[in-house]
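1. 3D model of this:
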Amino acid sequence: MADPTRPPAPEAASTTAGPGATFRILGLIGTGHAVSNFYALCLPPLIPFFKAEFDVSYAALGMMLSLRSFMSGIMQVPMGIAVDKLGAKPVLVAGSVLMGTSFGLIAVAPGYGTTLILLALLGAGMATLRPSNYAIINASIPRAWLGRAFGFNVFSAHAGRAAAPAVIIFLATLWDWRIALLIAGGTGIAITIGLITQWRYVRDDTKVEAKGPGPGLGAQARMFASRGIVLFFAFYALTSFSMQGVLSFTVVALTELGRAPLGAASGALTGYLIASALGVLAGGYLADKTDRHELLAVSALLLSAGFLVALGSVSMPVALIVAVMSTIGMCQGAMRPARDMLLRAILPREIFGRAIGIVSTGAAIGGTLAPVIFGWILDLGHPEWVFYILGVTIVLVAATVLIPKERIHLPS
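-> Just a heads-up that it's a prediction; the model follows:
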């Protein structure tokens, strides 16, 4: 297993940042991440407006939302390559402008087809966030703050996601759904301009000057097929699969099992989301206070797996269901900064963007498969299997953490 305390190349420079600069950098990238997730979660509440305006089926509207996710997934690797070649800051700026522009233009889209194109562009813009943010954190944040930085980055995404439905529906009700989209898109562009004015505080060590032809395609393929990258690809895919299963189908499964009425089951999911957001902050603090990141991640994963199996196996009071779901959310949130620290420990800075793009593609695949598989399980009439499969999946995630990984070295 790679030594999590072993720093990548830019470490010495990044440790010179003081607390004020660190907070400013976290605020910059966190705001961008919040806006991205705000855009993603604004769309589902507007489905009734889209249906009335475009006169299409719910299946067509579902495909519209899936296209955004699909484009975000397949563009992760190209955007990661761009980060490595051009630097994280220009890629992030371009992605933020693309997000705000494409989202705002949906307000004036004449029909369904144009909206599909704009949502594809929105997904491409969103694909810049993960490789750019991780590269900037890696280059800009002192080692002592890295865990909290990764945690705050994830927390920002939760905050943007949580605010989206209420804000967009309020704006659509107050004026019109098209006006709401224009306001959201324009706000995103304004925030991007504000971020650009603060770029001088952000290090960007990802861009590497070419020295000779560099490694060939075969050498690069072998590097990205190394055990560490493959295991983290599996980690992200399985984690996304389980998270989408929790978000999409635990409410239905709890009601089908007769464990809780719909309102209480929805309340349990809300508890999960809130606890997960708080968990990433707590997990970031813990990740900075220990070098045992494998132990932290595996402990949180196995605890959440056990509670998920218990939800499918044991009848319990509604209040206890809410508490158990909240505990699961807290554990899964606390695991994420440790995960990011473990990934960082095996990556040289020259391939950071591409590597993040590859493992993030795994997350897109897992999130795409989950609704189909869990929906099929519910159609079979076995809602308890939802919790059992979630538990087994999380145990497999823990296994990917425990398998030893060596630090990746660039081919000569």
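
2. Other residues contacting stretch 386-403?
-> 227, 231-232, 234-235, 238-239, 241-242, 245-246, 249-250, 253, 294, 297-298, 301-302, 304-306, 308-309, 311-313, 339, 342, 373-374, 377-378 (CB atoms under 8 Å, 6 or more residues apart in numbering). Using the backbone N, CA and C atoms, a C-beta is placed for each residue, glycine as well.

3. And those residues, which of them are buried?
-> Buried by 16 or more other CB atoms under 10 Å: 231-232, 234-235, 238-239, 241-242, 245-246, 249-250, 253, 294, 297-298, 301-302, 304-305, 308-309, 311-312, 339, 342, 374, 377, out of the contacts of stretch 386-403.

4. In strands only, show me those residues.
-> Among the buried ones among the contacts of stretch 386-403, no residue falls in strands (DSSP state E).

5. Give me the subset of the residues you listed lying in helices.
-> 231-232, 234-235, 238-239, 241-242, 245-246, 249-250, 253, 294, 297-298, 301-302, 304-305, 308-309, 311-312, 339, 342, 374, 377 (DSSP state H).

6. tell me the domain boundaries of the protein?
-> Per automatic domain parsing, the structural domains of the chain span 13-144+156-201, 217-402.

7. So which of these is nearest F150?
-> Nearest to F150, of all these, is domain 217-402, at 3.9 Å by CB to CB.

8. Dihedrals phi and psi, E406?
-> Phi and psi for E406, reported as degrees, to the nearest 10, are phi -100, psi 150.

9. Use 20 as the first number for this chain going forward.
-> Yes, from this point I'll number from 20; that puts the last item at E425.

10. Thought G247 was touching it, still the case?
-> Yes - between E425 and G247 a contact is recorded at 6.5 Å, counting by CB atoms under 8 Å.

11. Show me which of those two is the more surrounded one.
-> Between E425 and G247, counted using other CB atoms under 10 Å, G247 has the larger neighbour count: 24 against 11.

12. In space, what's closest to that one - neighbours in sequence excluded?
-> Nearest residue to G247, sequence neighbours excluded (CB to CB, 6 or more residues apart in numbering): K424, at 3.9 Å.

13. That neighbour: what secondary structure?
-> Look at K424: counting by DSSP: H, G, I helix; E, B strand; the rest coil, its state is coil.

14. measure it to L315 for me?
-> Counting by CB to CB, to the nearest Å, the separation of K424 from L315 is 16 Å.

15. of those two, who's got more company?
-> Applying other CB under 10 Å to K424 and L315 shows that L315 carries more neighbours, namely 24 against 21.

16. Run the chain-centre distance for the helix or strand hosting A168.
-> A168 belongs to helix 165-193 when assigned by DSSP states H and E. Averaging C-alpha positions (CA atoms, centre = their mean, to the nearest Å) puts helix 165-193 12 Å from its chain's average.

17. Following element in sequence after that helix, please.
-> That would be, after helix 165-193 and using DSSP H and E, helix 196-215.

18. Quick check: which helices or strands does that next one pack against?
-> If you count contacts as 3 or more CB pairs under 8 Å, 6 or more residues apart in numbering; DSSP states H and E, helix 196-215 packs onto helix 38-61, helix 107-124, helix 165-193.

19. So for it, mean pLDDT?
-> What helix 196-215 shows for mean pLDDT is 86.

20. now it, how far from the centre of its chain.
-> In this view, helix 196-215 has its centroid 21 Å away from the chain centroid, taken as CA atoms, centre = their mean.

21. what angle separates that helix from helix 165-193?
-> Orientation check (axes from the mean of the first three to the mean of the last three CA atoms, to 10 degrees): helix 196-215 against helix 165-193 gives 150 degrees.

22. what comes up buried for helix 196-215?
-> Buried-residue list, helix 196-215, by 16+ other CB under 10 Å: 196-197, 199-204, 206-208, 210-211, 214.

23. for stretch 357-371, same thing?
-> Within stretch 357-371, the residues that count as buried by 16+ other CB under 10 Å are 357-371.

24. Pick the one among those residues closest to V110.
-> Of those, the one sitting nearest to V110 (CB to CB) turns out to be F371, at 12.3 Å.

25. could you redo the buried residues of helix 196-215 as JSON lines and give each row distance to M349?
-> Formatted as JSON lines, these follow (distance: CB to CB, whole Å):
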{"residue": "W196", "distance to M349": "35"}
{"residue": "R197", "distance to M349": "39"}
{"residue": "A199", "distance to M349": "33"}
{"residue": "L200", "distance to M349": "34"}
{"residue": "L201", "distance to M349": "38"}
{"residue": "I202", "distance to M349": "34"}
{"residue": "A203", "distance to M349": "30"}
{"residue": "G204", "distance to M349": "34"}
{"residue": "T206", "distance to M349": "31"}
{"residue": "G207", "distance to M349": "31"}
{"residue": "I208", "distance to M349": "36"}
{"residue": "I210", "distance to M349": "30"}
{"residue": "T211", "distance to M349": "33"}
{"residue": "L214", "distance to M349": "31"}
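
26. Mind picking the two most distant members of those residues?
-> W196 and L214 (27.1 Å).

27. Any stretches of this structure with poor pLDDT?
-> Low-confidence segments of the chain (pLDDT under 70): 20-40, 220-244, 368-369, 371-372, 427-431.
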